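Student: here is a sequence with its predicted model. Questions after.
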Amino acid sequence: MTYLGHSTVLLDLPRGRLLTDPVLRSRVGFLRRFAPPPGAEAREGLGAVLVSHVHHDHLDRASLRMLGRGTPVVAPRGTRRLLRGSRIGPVTEMLPGETAQVGGITLRATPAAHVTTRLPAGRRLPAVGYVIEDGLRAYFAGDTDLFPEMRAIGDAGLDLALLPIAGWGPRVPPGHLDPLRAAQALALLRPALAVPIHWGTLAPVWQRGDRAHHDAAVAAFVRAAAGVVPDVEVCVLAPGETLALPPPAARD
């Protein structure tokens, strides 16, 4: 896996490459990227793209247009019209609990405690996470706060959890995981390995030079995880760094 920044992760799996919540540009709305944007190699040979919800820093249509035509997209129910102008597809829409197959990779949509509209006061659309099964079993949370069903996700066994731990600013509003709540999520999920995401990438255009809260958030998460779930391995990747995933755990 390669952490490409914010909520964008490239997973190289036996049956194909998955890219989550692609944000590939140097700026999205009022958010400017201070980590280098991914190179073209991150867009090559994709088997599918996973979109967790419709907020602009997760569903960026300009980034999706940078991907190859015909790349399958898996997204929450109700997003098909938003994706229509991105020159990408086919689109598979999912609700929590539903399962789909993409190129032999099994995807199961999970709940997410995150209120989403594309525009202020617009129609609410669901947010989801995904459990990905292709040899290993990985959980990509998208954006979420704690929710009770996390325990059931963990009960099935997880090799990897990709968990958001911060926001793009120093304040983490409801509907997101801050470092402590992310550690509490690990206690429910109990993966073999956790990689923090949603940090170290984006900042408002008016915020110049002060990105210390990103480093503080990941350090706080590592400390909290060590205290709450010391048996879960945590691996911090800076944007652009790659990790060879461990072999999947044996399960009944």
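Tutor: Structure's in. What do you need? Because the structure is a prediction, the values reported are computed rather than measured.

Student: what's near enough to touch F147?
Tutor: Going by CB atoms under 8 Å, 6 or more residues apart in numbering, F147 touches P111, A112, A113. For the C-beta atoms, the positions are set from N, CA and C on the backbone; glycine is no exception.

Student: measure the second one to G47 for me?
Tutor: I take that to be A112. According to CB to CB, to the nearest Å, A112 and G47 sit 23 Å apart.

Student: give me the more crowded residue out of the two.
Tutor: Set A112 next to G47 and count neighbours by other CB atoms under 10 Å: A112 wins out with 24 against 19.

Student: wouldn't the more buried one be in contact with V54 here?
Tutor: No. If you go by CB atoms under 8 Å, A112 and V54 don't touch, sitting 11.9 Å apart.

Student: any idea how far the closest residue to V115 other than its chain neighbours is from I88?
Tutor: In this structure, V115 finds its nearest non-sequential neighbour in G175, 5.8 Å apart by CB to CB, 6 or more residues apart in numbering. Computed as CB to CB, the G175 to I88 distance reads 27 Å.

Student: which one's more surrounded, the two?
Tutor: Comparing G175 with I88 by other CB under 10 Å, the one with more neighbours is I88, at 22 against 15.

Student: three-state assignment of that one?
Tutor: coil (DSSP: H, G, I helix; E, B strand; the rest coil).

Student: would you confirm that it contacts T71?
Tutor: Yes. Between I88 and T71 there is a contact under CB under 8 Å: 5.3 Å.

Student: what do these two both touch?
Tutor: Residues touching both I88 and T71 (CB under 8 Å, 6+ apart): V49.

Student: break down this structure into its helices, ranges please.
Tutor: Residue ranges of the helices in the chain, as given by DSSP state H, are 61-65, 80-83, 150-155, 179-189, 212-228.

Student: other SSEs contacting the third one?
Tutor: In this case it means helix 150-155. Packed against helix 150-155 by the contact rule (3 or more CB pairs under 8 Å, 6 or more residues apart in numbering; DSSP states H and E) you find helix 179-189.

Student: cool, the longest one as well?
Tutor: Helix 212-228 is packed against helix 179-189, strand 193-197, strand 233-234, with contacts defined by 3+ CB pairs under 8 Å, 6+ apart.

Student: let me know which of the ones you listed is the nearest to A75.
Tutor: Between A75 and those, the shortest gap by CB to CB is with strand 193-197, which sits at 18.1 Å.

Student: tilt between the closest one and helix 212-228?
Tutor: Counting by axes from the mean of the first three to the mean of the last three CA atoms, to 10 degrees, strand 193-197 points 160 degrees away from the direction of helix 212-228.

Student: give me the helix or strand of this protein that scores worst on average pLDDT.
Tutor: None of the helices or strands of the chain scores lower by mean pLDDT, DSSP states H and E than strand 116-117, at a mean of 82.

Student: that strand pairs with which strands, and in what direction?
Tutor: strand 124-125 (antiparallel) (DSSP bridges).

Student: just the mean pLDDT for the partner strand, thanks.
Tutor: Mean per-residue pLDDT for strand 124-125: 88.
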